[in-house]
Structures are given as structure tokens and as C-alpha cells.
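Visitor: coords please:
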Amino acid sequence: VVAGATAVVGVSGALFLWIRAKGNERPTTLTKEWQEASNEYARANKINPISGVASEGYKGSGFVSNSKN
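Guide: Residues are numbered from 1 along each chain as shown. Next up is the predicted model:
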């Protein structure tokens, strides 16, 4: 049972790594520049003025995620 479970986890990990290696690059909407531009667009168009990016005194990161790019 342990050997079978280990084999399944190993094959799953290898498949995951192979798919990541052969997959497309990250979408342009995940770049930091795109996300910052989305923040500016939201402010300019007053999107979610109550509690979002366009609200007074907003201190959050808005659409910018903690991605590596």
C-alpha cells in the first residue's frame, strides 16, 4: 500500500513538472506592469468607490498580486 501510494505521488509529481516545463509562458495579465495599469484604470474610472481602489484613503495593493513578475 505504501509503495503504491508513493508511486502514485511520484508519477503525479513528474507529470506536474513535465506539464509546467512544456506549458506556455505566463499570461500578460499577470505581469506587475499590467496589474499596476489596472489599478490606474480603476482609479481613473472610479471603479468600486466605496471600498476599492478608487476610494479615499485606500491603502491596499489593488489588483497587484504577490507574483514574482
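
Visitor: Give me the neighbour count for N24.
Guide: When neighbours are counted by other CB atoms under 10 Å, N24 registers 5. Bear in mind the C-beta positions are built from the backbone N, C-alpha and C, glycine included.

Visitor: Let me see the confidence value for it.
Guide: Listed pLDDT for N24 reads 87.

Visitor: In three-state terms, label it for me.
Guide: Classification of N24 by DSSP: H, G, I helix; E, B strand; the rest coil places it in coil.

Visitor: cool, and N48?
Guide: coil.

Visitor: What's the separation between it and G60?
Guide: 11 Å (CB to CB, to the nearest Å).

Visitor: V64: what's it in contact with?
Guide: 32, 35-36, 39 (CB atoms under 8 Å, 6 or more residues apart in numbering).

Visitor: Filter the residues you listed down to just the buried residues.
Guide: Applying 16 or more other CB atoms under 10 Å to the contacts of V64, the neighbour count classes 35, 39 as buried.
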